[in-house]
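A.B. asks: here is the input, now give the coordinates:
(chains A and B)
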2 protein chains.
Amino acid sequence: MPEPKPSPAVPIKGGNFLIVGGASLVGSATAEAMLKGEAASVVVLDNFSQGTPEALRHIEGDPRLRVVSGDILRLAQVMDAMDGVDGVVHLAAMMTIAFDSDPRRGIDVNVIGAQNVIEACRLKKIRKLVFASSNAVYGYGPGVVGDLVEATPFHTAGAPPAAILYGASKIIGEQLCRDAYRRHGLNYVVLRYSTVYGERQHYRAANAVLIMDAHDRVRGGQPPRVVGDGSETKHFVYVGDVARANIAALEATATDVAVNLSGPAPTTTGEIARLVIELSGAKMQPQYVEPEAGKVRLTSGGAWRIDHALAEKTIGWRPQVDMREGIRRLIVWRDAQGR
Amino acid sequence: MPEPKPSPAVPIKGGNFLIVGGASLVGSATAEAMLKGEAASVVVLDNFSQGTPEALRHIEGDPRLRVVSGDILRLAQVMDAMDGVDGVVHLAAMMTIAFDSDPRRGIDVNVIGAQNVIEACRLKKIRKLVFASSNAVYGYGPGVVGDLVEATPFHTAGAPPAAILYGASKIIGEQLCRDAYRRHGLNYVVLRYSTVYGERQHYRAANAVLIMDAHDRVRGGQPPRVVGDGSETKHFVYVGDVARANIAALEATATDVAVNLSGPAPTTTGEIARLVIELSGAKMQPQYVEPEAGKVRLTSGGAWRIDHALAEKTIGWRPQVDMREGIRRLIVWRDAQGR
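C.D. replies: Numbers count the residues shown, from 1 in each chain, chains lettered A, B, ... in the order given. As a prediction, the model looks like this:
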């Protein structure tokens, strides 16, 4: 008789989890949420090429947390980190800016690295994998406009190579999950994050860096710079909401599905600059400038929004923190850290 | 003073060429056309995992042809094969059926292998690369309908993992070409082949195999099987037309561009079966059947065609051989070979 198939629902309470690429913006918030949710143990695997020990400082005293230095390009290291683990959250990835400076490295990490994590999950009989994908799977350029739902195709015309490579690498990761489910019954949920921002924000994301740069300028007494007329759409999601989504995806019975995560509403580049000015307590106007040569920009064909209705239906998640509150929290954190 | 940039036009006459994955349907026709076009030398690199020595039998006596056994996963082997070469045609790839049986192998060959070929072209200062892509970059499923032009996005909703992985791997290859052009000035033309068929046809292509299977059945005295009602669109291109396009792309001044190759008009699965019956001199009707479980099928949202107007504008190419003539030639060849 075949073994009964394990349920795709993996409760946090009492469970053991691995966060791959966990010394990061999303990883640190997810680890914290898991510990608060009474997980028995949380392992963070990171090669610290992008992640930092400081990202875990707020939870480092917790005896249930174990930080392992290891690389997803080494299958055995990933498998070792999965000993006794019930659920895995895979976050380790290069984004567009990294693909722009080194496309081969991006492919190694996002394609071969993702393959290793997925194969390790199968080999170690992990009960569920949450795979962090991106709204980059809808692409960029003039084709991107209106509502982006999960069936929206990948627009590449007019987009820079690095952005297309990043999006395609995430499409491949998603499909390797689908393939592993079909071939081996590996339960998984793909979460297509929009631009994540919040406490422990870094400078590596082509869109989230807009908030960081604006805040750096305002603190230096200079007006934030906005490329163009400030009407460009961006859609962010607060890191705490993403951490809740990772947990919701693990705890839900949903499997073999990909859903969007996005904040309550899209915003514009001009609005971001104005919010940062206001929440910093400054009095100034953004400075509107021409695009900088050599810098990767992610454009669209007009206003758009990332629809997250399917996430609510599938894993019972909806965002709680809007841009004003999220940017306020980011600024409070930066000021408290003196960074 | 920097060196003057070489012209992106590489004439066949007197030139030296490498065909990567050349012991193949397209490779054998391209090598033959290059030899007829008075190339000084043609090197065929193949690891013979899919390619066969027989594919080159019709030209093996030519002293200008050199066949090298080597693997694109070994950068040094690719570079050795490029000694003294002016232009490269990169054909080595796994297609959807191969991705279905071994997705990891497909990614190795189509992503890491393509990276190696592109890097070798740069390191060996190759004057132009023709990169064989596919109409798989437009995807499959309900979103695929109407005219497919070069700006059409990649449709993945409702498509099988293997087909999406294949399409995404080709998107990555294309973008690595774009990246190498921007970073290193590597001249290239991407040709997005539709389904290639003709003399020396194999059974490895999910669509071209329809012709082979139909012909095998008719020769065995059985009616060809057509899935559904026979109205499914397919768009083929004759192998001799593809060989001409590879040469046109090398000889054109065009660079840093991707264009579609397709036959004069699309067809349907029913029409293919009827043409095979007629051109085999048989009298029968196709047999309409249900889809076979476990077999990868490439579906669409209705009738569609692959537009090749940009190829004419860019590299001066248009298809010459229609389905009736192409299938006739394939059948003549199979009968002559007793295969």
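A.B. asks: quick one: the helices in chain A, in order.
C.D. replies: Secondary structure of chain A by DSSP state H: the helices cover A:25-36, A:75-81, A:96-101, A:103-107, A:114-123, A:161-184, A:209-219, A:239-251, A:269-279, A:309-315, A:323-337.
A.B. asks: and the residue in the stretch 201-339 of chain A positioned nearest to chain B, what is it in contact with?
C.D. replies: Using C-beta to the nearest C-beta, the single residue of the stretch 201-339 of chain A nearest to chain B is A:Ala258, 9.8 Å away. No exception for glycine: its C-beta is placed from N, CA and C like everyone else's. With contact taken as C-beta atoms under 8 Å, 6 or more residues apart in numbering or on different chains, A:Ala258 is in contact with A:133, A:150, A:174, A:189-192.
A.B. asks: nearest to chain B among those?
C.D. replies: Proximity of those to chain B was ranked by C-beta to the nearest C-beta; the top entry is A:Glu150 with 7.4 Å.
A.B. asks: for the closest one, which residues are in contact?
C.D. replies: A:Glu150 sits next to A:192, A:258-260, A:310, B:157 when contact means C-beta under 8 Å, 6+ apart.
A.B. asks: can you give me the distance of the residue lying closest to A:Ala205 once chain neighbours are set aside to A:Arg192?
C.D. replies: Nearest non-adjacent residue to A:Ala205, counting by C-beta to C-beta, 6 or more residues apart in numbering or on different chains: A:Met95, 5.7 Å away. Going from A:Met95 to A:Arg192 by C-beta to C-beta, to the nearest Å gives 14 Å.
A.B. asks: overlap in contacts, the two.
C.D. replies: Each of A:Ser134 lies in contact with both A:Met95 and A:Arg192 under the rule C-beta under 8 Å, 6+ apart.
A.B. asks: shaky segments in the stretch 201-339 of chain A?
C.D. replies: For the stretch 201-339 of chain A, the stretches flagged by pLDDT under 70 are A:339.
A.B. asks: tell me, what residue is most central in chain A?
C.D. replies: Taking C-alpha atoms, centre = their mean, the centroid of chain A lies closest to A:Tyr193, which sits 5.0 Å from it.
A.B. asks: can you pull the pLDDT of it?
C.D. replies: pLDDT for A:Tyr193: 98.
A.B. asks: which residues sit in contact with A:Glu290?
C.D. replies: A:Glu290 sits in contact with A:Val227, where contact means C-beta under 8 Å, 6+ apart.
A.B. asks: my error: substitute A:Val321 in the last question.
C.D. replies: Taking C-beta under 8 Å, 6+ apart as the contact definition, A:Val321 lies against A:238, A:240-241, A:263-264, A:329.
A.B. asks: only the buried subset of these, as a ChimeraX command please.
C.D. replies: Paste this into ChimeraX to select the buried members of the contacts of A:Val321, with burial taken from 16 or more other C-beta atoms under 10 Å in any protein chain shown:
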select /A:238,240,241,263,264,329
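A.B. asks: widest-spaced pair of the contacts of A:Val321?
C.D. replies: The widest separation within the contacts of A:Val321, taken as C-beta to C-beta, falls between A:Pro264 and A:Arg329 and amounts to 14.6 Å.
A.B. asks: distance from stretch A:73-90 to the middle of the chain?
C.D. replies: Averaging C-alpha positions (C-alpha atoms, centre = their mean, to the nearest Å) puts stretch A:73-90 19 Å from its chain's average.
A.B. asks: for it, C-alpha coordinates in CSV please.
C.D. replies: Taking Å, rounded to 0.1, in the frame of the first residue of the first chain, the C-alpha atoms of stretch A:73-90 are listed here in CSV:
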residue,chain,number,x,y,z
LEU,A,73,24.8,25.9,-5.2
ARG,A,74,26.0,23.0,-2.9
LEU,A,75,23.1,20.5,-2.8
ALA,A,76,24.6,18.7,0.3
GLN,A,77,24.7,21.9,2.3
VAL,A,78,21.1,22.6,1.5
MET,A,79,20.1,19.0,2.5
ASP,A,80,22.1,19.2,5.7
ALA,A,81,20.2,22.4,6.7
MET,A,82,16.9,20.5,6.1
ASP,A,83,17.4,17.8,8.8
GLY,A,84,14.2,17.5,10.7
VAL,A,85,12.5,20.3,8.9
ASP,A,86,8.8,20.3,8.1
GLY,A,87,8.5,23.4,5.9
VAL,A,88,10.9,25.5,3.7
VAL,A,89,10.7,29.1,2.6
HIS,A,90,13.0,29.7,-0.4
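A.B. asks: check which residues of it are buried.
C.D. replies: A:75, A:77-79, A:81-82, A:85-90.
A.B. asks: out of those, the closest to chain B would be?
C.D. replies: Closest approach to chain B among those (C-beta to the nearest C-beta): A:Leu75, at 11.5 Å.
A.B. asks: kindly state the pLDDT recorded for that closest one?
C.D. replies: Note on A:Leu75: pLDDT of 98.
A.B. asks: show me the contacts for it.
C.D. replies: Counted by C-beta under 8 Å, 6+ apart, A:Leu75 has contacts A:116, A:119-120.
A.B. asks: for A:Ser7, grab the count of nearby residues.
C.D. replies: Number of residues near A:Ser7 (other C-beta atoms under 10 Å in any protein chain shown) recorded here: 12.
A.B. asks: distance of it relative to chain B?
C.D. replies: A:Ser7 sits at a distance of 23 Å from chain B (criterion: C-beta to the nearest C-beta, to the nearest Å).
A.B. asks: how near is that residue to A:Ala248?
C.D. replies: Taken as C-beta to C-beta, the span from A:Ser7 to A:Ala248 is 15 Å.
A.B. asks: A:Thr52 too?
C.D. replies: According to C-beta to C-beta, A:Thr52 stands 27 Å off from A:Ala248.
A.B. asks: now swap in A:Val85 and tell me
C.D. replies: From A:Val85 across to A:Ala248, the span is 19 Å (C-beta to C-beta).
A.B. asks: what of A:Leu165?
C.D. replies: Distance, A:Leu165 to A:Ala248, using C-beta to C-beta: 30 Å.
A.B. asks: neighbour count winner among the two?
C.D. replies: Between A:Leu165 and A:Ala248, A:Leu165 has the larger neighbour count (other C-beta under 10 Å), namely 29 against 22.
A.B. asks: what separates the more buried one from A:Gly158, distance-wise?
C.D. replies: Separation of A:Leu165 from A:Gly158 (C-beta to C-beta) stands at 15 Å.
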